[in-house]
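> Fold the following.
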Amino acid sequence: MAVAKKTTATTKTRTTPAKKEVKPADKASEVKTEVKAAVEEVKESVKKTTARKTAVKPAAEKAETVKKETVKKETAKKGAVRETVHVEFGGKAYTTEDLLKIFRDVWKYDLNGKEEDLKDVELYVKPEENVTYYVANGEIQGSFNI
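Below you'll find the predicted structure:
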């Protein structure tokens with residue numbers, strides 16, 4: 001014989017929380033508050049990014065300057081040849097720097113010229129006459145004894 005089981009159904013009643021009545025004005029103020037908070041976050045992010053860029057920029061510029069100076073020094077070391085010309089005669093010796101210094105003194109004191117007015121100079125040394133001839137700025141000619 002078969003015995004039938006009785007089943008009882010229990011029903012649970014669920015209670016739903018009472019909905020809070022939201023006014024449109026409250027929603028608008030909540031949205032405004034959220035927007036203000038988001039704007040503040042963006043402003044802070046921009047400040048931090050700008051601060052990082054300003055800190056990085058001088059360092060990058062300094063590195064670039066150091067790199068350029070190094071290249072200049074290396075170029076100067078490789079390609080620079082120290083040149084000195086000595087003119088010797090009658091027991092006297094002059095270098096090109098000595099002759100240029102004498103010319104600058106002539107320019108300044110004898111010709112009353114200003115250093116900034118001097119654009120170029122050509123010197124012609126004639127040891128047999130103990131004279132150096134010059135042409136300054138392509139047009140002023142003269143000589144001085146050495």
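> care to break the chain down by domain?
Following automatic domain parsing, the chain resolves into domains at 26-82, 86-145.
> Can you pull out the low-pLDDT segments for this structure?
For the chain, the stretches with pLDDT under 70 are 1-28, 50-78.
> And the helices in it?
24-79, 96-105 (DSSP state H).
> which of the residues in the shortest one are buried?
I take that to be helix 96-105. Counting neighbours by 16 or more other C-beta atoms under 10 Å, one finds that the buried residues in helix 96-105 are 99, 102-103. Just so you know, the C-beta spots here come from the backbone N, C-alpha and C atoms, and that holds for glycine as well.
> what residues does it touch?
The contact list for helix 96-105 (C-beta atoms under 8 Å, 6 or more residues apart in numbering) reads 84-85, 87, 115, 118, 121, 123, 125, 132, 134, 136, 144, 146.
> Narrow the residues you listed to those that are buried.
Buried members of those, counted by 16+ other C-beta under 10 Å: 118, 121, 123, 125, 132, 134, 136, 146.
> Switch those residues over to CSV; also include distance to residue 110.
Converted to CSV, those look like this (distance: C-beta to C-beta, whole Å):
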residue, distance to residue 110
118, 13
121, 14
123, 15
125, 18
132, 13
134, 11
136, 12
146, 15
